[in-house]
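Novice: what's the 3D shape of this:
(one chain, ligands or ions: 2)
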Amino acid sequence: MEALKRFDGAYWRDLFDSRVGKSTWPYGSGVWSKKEWVLPEIDDDDIVSAFEGNSNLFWAERFGEKFLGMNDLWVKHCGISHTGSFKDLGMTVLVSQVNRLRKMKRPVVGVGCASTGDTSAALSAYCASAGIPSIVFLPANKISMAQLVQPIANGAFVLSIDTDFDGCMKLIREITAELPIYLANSLNSLRLEGQKTAAIEILQQFDWQVPDWVIVPGGNLGNIYAFYKGFKMCQELGLVDRIPRMVCAQAANANPLYLHYKSGWKDFKPMTASTTFASAIQIGDPVSIDRAVYALKKCDGIVEEATEEELMDAMAQADSTGMFICPHTGVALTALFKLRNRGVIAPTDRTVVVSTAHGLKFTQSKIDYHSKAIPDMACRFSNPPVEVKADFGAVMDVLKSYLGSQTLRS
Ligand SMILES: Cc1ncc(COP(=O)(O)O)c(C=O)c1O
Ligand SMILES: N[C@@H](CCOP(=O)(O)O)C(=O)O
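Specialist: Ligands and ions are numbered 1, 2, ... in the order given. Here you go, the predicted structure:
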């Protein structure tokens, strides 16, 4: 920070703005366009990048108006990315550093992670791109098909282990302590250095205006800290004069941080997380708990939770306004609903919901919802297809009935 402080906020704003939309290596990446703040000493030739970042900050105009009475609601689509989640932002940094270490003949034989599906996808893609072996520990039958096929297709060594994510995490920590395998989970601060650029990007996309609220779904809890760090650096280096309040949103079935918050931050208790449609955050013993608590205390943050029905309804509502979000983003939107209903977030507050993965990774949950195949869930916003005979009259009948109901609605 001392070195960075030799330049003022205007210098950094101008520098970062000058790199947007350019393809000059490596600055075409949203992460590496902030290289001086991320990993300054790395040689550009060692960087492994897919020009990640620069993700869409989407004005959720219709969703905000229709469901929340809000006029300044935004969704930061971090999942519209190379491997379909925000993990690309951190993985480009970590794999670049490993690439550098290997060129320096350091004994790194491969890179490994435990994963609920997104870290493994990002790790395997970036390693494959650099020709580095990757090893992924996945909890058997607990991640989506799309996520499972990603490391398989990218040539990772995939271990499907009969445990949950926390079990995989414990194993990979033990294994990497014994073997020359570099640990790629967010315990490693290189990951967070990349992920923090999403926060800087939000400020940049608002022309360096600070939103009032930023809502982030939390599991292993590296990302909430990374966002805090990105915002805090911008404040300390004079790019902005304050930081937003942050909300960390958890699934009620995997809510150790929420319970800790509710207890007034008194003694944290890890838990065994239950199955949730937000499967990538089915985590009961988050590795970055201390960092997350620190970040939330510093920004006057809040922790919320979402039941399965709440998160699935929120996802369907968002999709009905033109998005195609993942269940984790449904968790974040549920937090927003709750805070709006309680009057904590005001209708005109500028609010950003961080969407963490692409909805196409989680189509089975959407299929289950829209076909009302989920036990004990009303699936209030389901929109099942209408089955109709290949017959002109039959098609006309269903269309007339549909169009009639639309006219009545408008
Ligand atoms: C799609 C998705 N959303 C949210 C999260 C939570 O991020 P973090 O583990 O950094 O809290 C994860 C991973 O844990 C994820 O894969
Ligand atoms: N959701 C994550 C869980 C691991 O998180 P990490 O950020 O510590 O790697 C995943 O996709 O694996």
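Novice: interface residues of the stretch 1-150 of the chain facing ligand 1?
Specialist: The stretch 1-150 of the chain comes close to ligand 1 at residues Ser85, Thr116, Asp118, as judged by C-beta under 6 Å from any ligand atom. In this view, the C-beta of every residue, glycine as well, is placed from N, C-alpha and C.
Novice: now the last one: how far from Val31?
Specialist: Distance of Asp118 to Val31, given as C-beta to C-beta, to the nearest Å: 16 Å.
Novice: between the two, who's got more neighbours?
Specialist: Higher neighbour count among Asp118 and Val31: Val31, with 32 against 29, using other C-beta atoms under 10 Å.
Novice: let me see the contact set for the more buried one.
Specialist: Neighbour list for Val31: Val38, Ser49, Glu52, Gly53, Leu89, Thr92, Val93, Gly194, Thr197 [criterion: C-beta atoms under 8 Å, 6 or more residues apart in numbering].
Novice: what about it, distance to ligand 2?
Specialist: For Val31, the distance to ligand 2 equals 15 Å [C-beta to the nearest ligand atom, to the nearest Å].
Novice: repeat for Ala314
Specialist: Using C-beta to the nearest ligand atom, Ala314 is found at 19 Å from ligand 2.
Novice: how many neighbouring residues does that residue have?
Specialist: 26.
Novice: next one: Met323
Specialist: When counting by other C-beta under 10 Å, one arrives at 19 neighbours for Met323.
Novice: do Asp162 as well
Specialist: Neighbours of Asp162 (other C-beta under 10 Å): 8.
Novice: hang on, it packs against Leu138?
Specialist: No: the criterion here is C-beta atoms under 8 Å, and Asp162 misses it with Leu138 at 10.7 Å.
Novice: any chance you could map the strands in the stretch 251-400 of the chain?
Specialist: Taking DSSP state E, counting those that start in this stretch, the strands of the stretch 251-400 of the chain run over residues 302-306, 351-355.
Novice: could you identify which of the ones you listed is most buried?
Specialist: Sort the strands of the stretch 251-400 of the chain by mean neighbour count, taking mean count of other C-beta atoms under 10 Å, and strand 351-355 sits at the top with a mean of 28.
Novice: from the contact counts, what lies against that strand?
Specialist: Here strand 351-355 touches strand 73-77, strand 213-217, helix 327-341, going by 3 or more C-beta pairs under 8 Å, 6 or more residues apart in numbering; DSSP states H and E.
Novice: that one - what's its average pLDDT?
Specialist: For strand 351-355, mean pLDDT is 99.
Novice: from here on, call the first residue 12.
Specialist: With 12 as the first residue, the last one maps to strand 362-366.
Novice: show me what residue of the stretch 62-211 of the chain gets nearest to ligand 1.
Specialist: Using C-beta to the nearest ligand atom, Asp129 is the residue of the stretch 62-211 of the chain that sits closest to ligand 1, at 3.5 Å.
Novice: return the residues in contact with that residue.
Specialist: Applying C-beta under 8 Å, 6+ apart to Asp129 gives the contacts Thr94, Gly95, Ser96, Phe97, Lys98, Gln158, Ala291, Thr367, Ala368, Lys372.
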